[in-house]
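*Asks:* 3D model of this:
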Amino acid sequence: MDEKELSAMIEGLCFSKSKEFQTLGYEVEGADIWKCVSSRYTKEMPPLYQIVNDILSLKVTKYMNWAMLEAYKE
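*Replies:* Alright, predicted model coming up:
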């Protein structure tokens, strides 16, 4: 899998997760999901299975905590 295909797959997963959050009443974009998940990858990118798991297992509370911290930083 080349980088372009990998990027498209991750983007699709983030979009899917953002749609899940939107059905719960939260206005979230796919890019925001990726920023939240990737903020934990400070040293290097983990294996693909871990990235997929991190995106799909992201809970609303974890995302909202991250979003609040980011808002305070600004």
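
*Asks:* Next up, the contacts around Lys62.
*Replies:* Cys36 (CB atoms under 8 Å, 6 or more residues apart in numbering). Heads up, the C-betas are built off the backbone N, CA and C, glycines and all.

*Asks:* 7 Å instead, please
*Replies:* Contacts for Lys62 (CB atoms under 7 Å, 6 or more residues apart in numbering) come out as none.

*Asks:* Which secondary structure element is home to it?
*Replies:* Remark: Lys62 resides in helix 60-73, with elements defined by DSSP states H and E.

*Asks:* what is the rounded mean pLDDT of that helix?
*Replies:* Mean pLDDT, computed over helix 60-73, is 93.

*Asks:* Could you give me the buried positions within stretch 27-46?
*Replies:* Within stretch 27-46, the residues scored as buried using 16 or more other CB atoms under 10 Å are 28, 30, 32-34, 36-37.

*Asks:* For Pro46, state which of these is nearest.
*Replies:* The closest of these to Pro46 turns out to be Val37 (CB to CB; 10.3 Å).

*Asks:* coming back round to it: only C-alpha atoms, please: export the helix holding Lys62 in CSV.
*Replies:* Provided in CSV are the C-alpha atoms of helix 60-73 (Å, rounded to 0.1, in the frame of the first residue of the first chain):
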residue,chain,number,x,y,z
VAL,A,60,-16.8,11.2,22.3
THR,A,61,-15.6,12.0,25.8
LYS,A,62,-12.0,11.4,24.8
TYR,A,63,-12.4,13.7,21.7
MET,A,64,-14.1,16.4,23.8
ASN,A,65,-11.4,16.3,26.4
TRP,A,66,-8.8,16.8,23.6
ALA,A,67,-10.8,19.6,22.0
MET,A,68,-11.1,21.4,25.3
LEU,A,69,-7.4,21.2,25.9
GLU,A,70,-6.7,22.5,22.4
ALA,A,71,-9.1,25.4,22.9
TYR,A,72,-7.3,26.3,26.2
LYS,A,73,-3.9,26.2,24.4
